[in-house]
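Participant: Have a look at this prediction, sequence included:
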Amino acid sequence: MSMSTTPLTPEIVSHEGNAMVLSMGPQHPSTHGVLQIMLEIEGETILKAEPEIGYLHTGIEKTAENLFWSQAQTVIERMDYLAPSSNAYCYCLAVEQLLGLTDRIPERARQIRVLQAELTRVASHCVWLGTHGIDLGALSAFFYCFDMREKILDLQEATGGARMHPNYLRVGGVQADLPSGFMEQLDALLEMFPGRMRDLRGLLQSNPILQDRLVDVGIMTQEEAQDWSITGPGLRATGIAYDVRRAFPYGGYENYDFDIPTRTEGDSYARFLVRLDEMEQSMRIVRQVRDTLKPGPYAVDDTKVMPPPKETIALSMEALIHHFKIMTEGFRVPPGDVYQAVEGPRGELGYYVVSDGGNRPYRVRTRPPSMYNLQALKGLAPGNLIADLVVIIGSLDPVFGEVDR
Amino acid sequence: MPSTQTPPLTGTAIDPPALRPPIDDAAIERIAPANVHARLAELKREGFTLLLDVGAVDYPQRTPRFDIVYHLLNLRKTKRVRLLCGVTGTAPKLPTATDLWKSADWAEREIYDLFGISFEGHPDLRRIQMPNDWEGHPLRKDYPLRGPARERSPRPAFALKSNVQAGTPPSGRTLEALQQQIAKIRGEDRSK
C-alpha cells in the first residue's frame, strides 16, 4: 500500500502514483449529514480516509456561556438533534449536582425524565435504522421506522409543545406535569411496538442481502474500540458491556430491570443487532416507568430554581417575585466544576460544567459520543471498498449537530 | 428614575474548580504540564484504558490561564479520573496524548482550534471546526460572542436602505408596475 505522507489537498480529484484522492461529501446522501471524507483510493479500495468535520459548527458551547443556565439548555438540546432530551437530561443532572439538588428531585420527576430519555433513544434509533436501511437499498423499513418515530414525536409534542426540541426537562424537574391523554398515547405506542419490531426484524435482520452488506464489514476489536474511545453500541458490539446507566447509575435507573445487549463480533452487523436489542430494552424500561409512575410533584420545591406554578402568581406576592426574578435574571449556581455522563443513544454523553457562581454557565464542555465514534472511521475504513464505507458510517451512527456543535 | 431591575449577575470565582462542592463524580488530580504525559501513560497502564474526553477551560484572571481537562475511565473497576492541567497564557503548549490514545487526535485539534493551545508531537495539528484561514480562537473568554469587529462586505444593491425607502427596486420596476404586468398577463385590466 502506498500511503501518502503529504497532506491531502482540498482538490476534488488528484492523482498520485496509482492512488487517487477523492472527496466524498460534504454534500453526499449517504454521509448522514455534512461530512466530507478525503479518500485515498486505489481502484475501489480505500487506502486512507480522513474525515473533515466542522461544516455544521454553530458555536453552541460559546453561545451557552452567554445565556442563563436555563436558557443554555435550549441550545444544548440542539447538539444531538435526534435525541434532544438526552442532552437536556445530562445537562440538568450536571447543574443539579452543582446546586446540590440531586437528592431532592421528586420521584415523579425522575421517572418522567427516564421515560423521556428512553423514548428519545428509541426515536433516535428509529432514524438510524431507517437511514441505515436506505443506505443499503432497503426502502420500506424506512417508512416503518419513521412511522414509529412519529408516534414518539407526538408524545414529545404533547409534553413540551415542540416535536423536535421539546425543551421539557428542567433543572429541578420537568417543565409541567404529563398532559391528559399522554398515558393513552403511550399505551398505544407500547402496544404497537412489539409487532413493529417483529416486522423490522423480519424485513432486515435475517435478510440475506443486508447480511451480505453488514457481516464482517468494519470489524473493531476491543483494543481498537478503547483506543478510539468508542462508547455505546459500538463498544458493546465488541463484547464490553459498558453502559453508563449500569456502571454509574443516575436519575433512578437502578430501580429498573433491563439487560445490556452485547455481541462479540464487533462488525457492522453486531452493531446493528445491539441497537435493535437496545430499542427493545428501552421500551422495557418505558413500560416499567409507565406501570410504576407515582403521583406527586413534578419539580423540586425550591422557588430559587424552579419558578412557582403559574396559577399561584396571581395569589401570592412571593410567587410573583420569585417568578420575576427567575425570568429576568435566572438563578445562580455555586462555583465549582462537575462531570456528568448519561448513556445517550450514541454512547457516553458527558457534560463538564463549570460555574463561577454567576447566573450563566462559565463553561459547558460536551463529551460528544458521535465525534469520537466518527473519528474511528480513520482506522476502520482503510482496506474496505467505497460501498462498505457507506455501511461503516451508517453503523457508527454519527449526528453532525453533535460532532460539530 | 433609575431602573429597579438589577443588571445581569456575573460570577466572581477566579478558580471555580478549587471551590467545588463535594461531588463524587471522579477522582481529581491536578498535574503540571511537564508530568502530564507520564501520568497519562501510568494511568493507562493501571487500567484507565479509555480517554473519554479532552477539554479546555479558559480562566483569564488566573495563572495559569488555561485548564486542560482529561477525563479517563477504567472499564474494569468502573472508575473515573479527571486530570486538570494548568497551562500558561503565553504560547500555551502541552505534549500530545495521541501516542497513547488515537482518540486524542480530534480532541486536541479542537482545543488548538478553539483555544489556541498547541500540542507538541501531534501528527496533524490544524483547525478542525473553524475554517482554516480563521483568525483567533473563539472559545477564549476574550473572544467576542459575535466575532471580532471587521469590515463588512458591501450589501447588495437591492438590500440598501435607500432603495427600500424609495420604494423603487434598482431594476426600476415598482411594485405597482409589477402588479400591472401580472394583471396584463392574466388578461385583467387594472388601470380602470
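Facilitator: On my side now, so go ahead.
Participant: Next, count neighbours for the residue nearest to A:E343 when sequence neighbours are not counted.
Facilitator: Counting by CB to CB, 6 or more residues apart in numbering or on different chains, the nearest residue to A:E343 once its immediate chain neighbours are dropped is A:V244, at 4.1 Å. Yep, even glycine has a C-beta here, placed from its N, CA and C like the rest. By other CB atoms under 10 Å in any protein chain shown, the residues close to A:V244 number 23.
Participant: Then B:C85?
Facilitator: 24.
Participant: show me what contacts it?
Facilitator: B:C85 makes contacts with B:30-33, B:36, B:67-70, B:94, as judged by CB atoms under 8 Å, 6 or more residues apart in numbering or on different chains.
Participant: and it, what are its bridge partners?
Facilitator: B:I31, B:I68 (DSSP bridges).
Participant: any idea how far it lies from B:T49?
Facilitator: Per CB to CB, to the nearest Å, B:C85 is found 20 Å from B:T49.
Participant: out of everything not next to it in sequence, what's closest to the residue nearest in space to the middle of chain B?
Facilitator: Nearest to the mean C-alpha position of chain B, counting by CA atoms, centre = their mean, stands B:L139 at 3.9 Å. Using CB to CB, 6+ apart and skipping the chain neighbours, the partner closest in space to B:L139 is B:L114 (3.9 Å).
Participant: quick check, that neighbour in a strand?
Facilitator: No: the assignment for B:L114 by DSSP: H, G, I helix; E, B strand; the rest coil gives helix, which leaves it out of any strand.
Participant: how many other residues sit next to it?
Facilitator: 25.
Participant: And for the one 5 residues further on?
Facilitator: As a burial measure, the neighbour count of B:F119 was computed by other CB under 10 Å and equals 23.
Participant: Hmm, it is touching B:E110, no?
Facilitator: No: under the criterion of CB atoms under 8 Å, B:F119 makes no contact with B:E110, lying 10.8 Å away.
Participant: Now A:L235: closest residue in space, sequence neighbours ignored.
Facilitator: A:A225 (5.2 Å).
Participant: List the contacts of the one you found.
Facilitator: Counting by CB under 8 Å, 6+ apart, A:A225 has contacts A:234-235, A:238, A:240, A:266, A:376.
Participant: What of B:R80?
Facilitator: With CB under 8 Å, 6+ apart, B:R80 has these contacts: A:248, A:339, B:25-27, B:52, B:71-74.
Participant: Mind doing that once more with 6 Å?
Facilitator: By CB atoms under 6 Å, 6 or more residues apart in numbering or on different chains, the residues touching B:R80 are B:26, B:73.
Participant: Can you tell me the SS state at it?
Facilitator: B:R80 ends up strand, using three-state DSSP.
Participant: That one bridge partners, please.
Facilitator: B:L73.
Participant: How confident was the prediction at residue 107?
Facilitator: Assuming you mean chain A. Looking at A:E107, its pLDDT is 91.
Participant: Oops, wrong one, chain B.
Facilitator: For B:A107, the predicted pLDDT is 92.
Participant: How about A:F182: what's its closest non-neighbour residue?
Facilitator: Nearest one to A:F182, counting by CB to CB, 6+ apart, is A:A158 at 5.4 Å.
Participant: Please give the element, helix or strand, for the one you found.
Facilitator: helix A:140-160 (DSSP states H and E).
Participant: List the pairing partners of the following helix or strand past that helix within its sheet, with orientation.
Facilitator: Downstream of helix A:140-160, the first helix or strand assigned by DSSP H and E is strand A:169-170. Next to strand A:169-170 in the sheet, as set by DSSP bridges, lie strand A:173-174 (antiparallel).
Participant: For the partner strand, give the mean pLDDT please.
Facilitator: Rounded mean pLDDT across strand A:173-174 is 90.
Participant: Please apply the same query to stretch B:51-69.
Facilitator: The model assigns stretch B:51-69 a mean pLDDT of 90.
Participant: So for it, first residue to last residue, what's the gap.
Facilitator: End-to-end distance of stretch B:51-69 (CA to CA, to the nearest Å): 11 Å.
Participant: before we move on, what about stretch B:82-100?
Facilitator: End to end - CA to CA - stretch B:82-100 spans 16 Å.
Participant: Just the helices from the stretch 251-400 of chain A, written as ranges.
Facilitator: A:268-292, A:310-313, A:317-329, A:369-375, A:377-380, A:386-396, A:400-404 (DSSP state H, counting those that start in this stretch).
Participant: which residues are contacting the first one?
Facilitator: Think helix A:268-292. A:111, A:114-115, A:118, A:121-122, A:125, A:186, A:190, A:193, A:214-215, A:217-218, A:233-234, A:236-237, A:256, A:258-259, A:261, A:263, A:391, A:395.
Participant: What about the residues you listed, which are in helices?
Facilitator: Using DSSP state H, the subset of the contacts of helix A:268-292 located in helices is A:111, A:114-115, A:118, A:121-122, A:125, A:186, A:190, A:193, A:214, A:233-234, A:236, A:391, A:395.
Participant: Farthest pair within those?
Facilitator: Largest separation among these by CB to CB: A:Q111 and A:V391, giving 38.0 Å.
Participant: Quick check: A:L189 touching A:K151?
Facilitator: Yes: if you go by CB atoms under 6 Å, A:L189 and A:K151 touch, sitting 4.9 Å apart.
Participant: Near chain B, which residues of the stretch 1-150 of chain A? Just list them.
Facilitator: A:54, A:57, A:62, A:66, A:97 (CB under 6 Å from any CB of the partner chain).
Participant: at 8 Å instead, please
Facilitator: A:7, A:53-54, A:57, A:59, A:61-63, A:66, A:97-98, A:100 (CB under 8 Å from any CB of the partner chain).
Participant: would A:S23 count as being in a helix?
Facilitator: No: A:S23: not assigned to a helix; according to three-state DSSP it is strand.
Participant: Quick check: bridge partners of it?
Facilitator: A:M38.
Participant: What are the structural domain limits within the chain?
Facilitator: This is for chain A. Using automatic domain parsing, the domain ranges for chain A come out as A:13-52, A:60-404.
Participant: Not quite, go with chain B.
Facilitator: Taken from automatic domain parsing, chain B resolves into B:25-120, B:157-186.
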